[in-house]
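Engineer: how would this look folded up:
(one chain, ligands or ions: 1)
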Amino acid sequence: MSIEWNDKYRIGNETIDEEHKELFRIANRFLEATSIEAKRASAQELRTYTKEHFRREEILMHEVGYPLTATHLTLHADLISKLSAVEASIESGELHQRELEEFINFWFIKHMVSVDAPLVVYVKRYRNSGDTGGPM
Ligand SMILES: [Fe+2]
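Structural biologist: Sure thing, here's the model as predicted:
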């Protein structure tokens with residue numbers, strides 16, 4: 001199984017959308033990895049990239065005073081801890097492909113669509129209300 005980027009996942013912020021696309025690419029390497037070594041490497045890559053991406057989203061939230069920052073940050077922390085659990089199950093040899101697929105579908109795709117999208121709407125409204133905007 002692999003996941004395919006679809007333009008319906010676009011949430012309208014170019015930087016975030018590009019980073020989400022990159023997350024799809026890394027997630028696919030993870031889903032398609034067959035050896036433990038490849039699984040381990042792609043999981044680690046996913047964790048590193050996800051953390052960097054979250055950090056950028058978090059800076060953006062603070063910059064615009066996003067009212068749902070606390071909830072969003074909790075979800076980011078949850079996702080990172082789920083990913084650590086997935087990594088632990090690679091090491092113990094108990095990683096089931098189905099669980100991995102569910103993890104990617106729920107924690108990545110659903111997060112983009114239902115949690116990141118409202119952030120982007122808020123940022124746009126904030127920028128349109130007179131602020132010249134930052135780098136994103
Ligand atoms: Fe997010």
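
Engineer: Which pLDDT value does the model give residue 135?
Structural biologist: pLDDT for residue 135: 57.

Engineer: before we move on, what about residue 9?
Structural biologist: 87.

Engineer: I figured it hits residue 113, correct?
Structural biologist: Yes. Here residue 9 lies in contact with residue 113, judged by CB atoms under 8 Å, at a distance of 6.4 Å. Quick note: C-beta positions are derived from backbone N, CA and C, even for glycine.

Engineer: higher neighbour count, the two?
Structural biologist: residue 9 (18 against 13; other CB atoms under 10 Å).

Engineer: Skip the chain neighbours and tell me the closest residue to the more buried one.
Structural biologist: With CB to CB, 6 or more residues apart in numbering as the criterion, residue 9 has its nearest non-adjacent residue at 5.7 Å, and that residue is residue 112.

Engineer: Neighbours of the one you found, how many?
Structural biologist: Residue 112, neighbours per other CB under 10 Å, totals 20.

Engineer: need the contact list for it.
Structural biologist: Applying CB atoms under 8 Å, 6 or more residues apart in numbering to residue 112 gives the contacts 9, 11, 20.

Engineer: How much space separates it from the ion?
Structural biologist: Distance of residue 112 to the ion, given as CB to the ion, to the nearest Å: 7 Å.

Engineer: same thing with residue 104?
Structural biologist: Residue 104 is 15 Å from the ion, by CB to the ion.

Engineer: how about the nearest residue to residue 42, chain neighbours excluded?
Structural biologist: residue 30 (3.9 Å).

Engineer: so that neighbour is in which element?
Structural biologist: Here residue 30, judged by DSSP states H and E, is contained in helix 14-32.

Engineer: Report whether that helix contacts the ion.
Structural biologist: No. Using CB under 5 Å from the ion, helix 14-32 stays clear of the ion, with a minimum separation of 8.3 Å.

Engineer: Just the buried residues of that helix, please?
Structural biologist: Buried residues in helix 14-32, counted by 16 or more other CB atoms under 10 Å: 16-17, 19-20, 23-24, 26-31.

Engineer: Fine, thanks again, bye for now.
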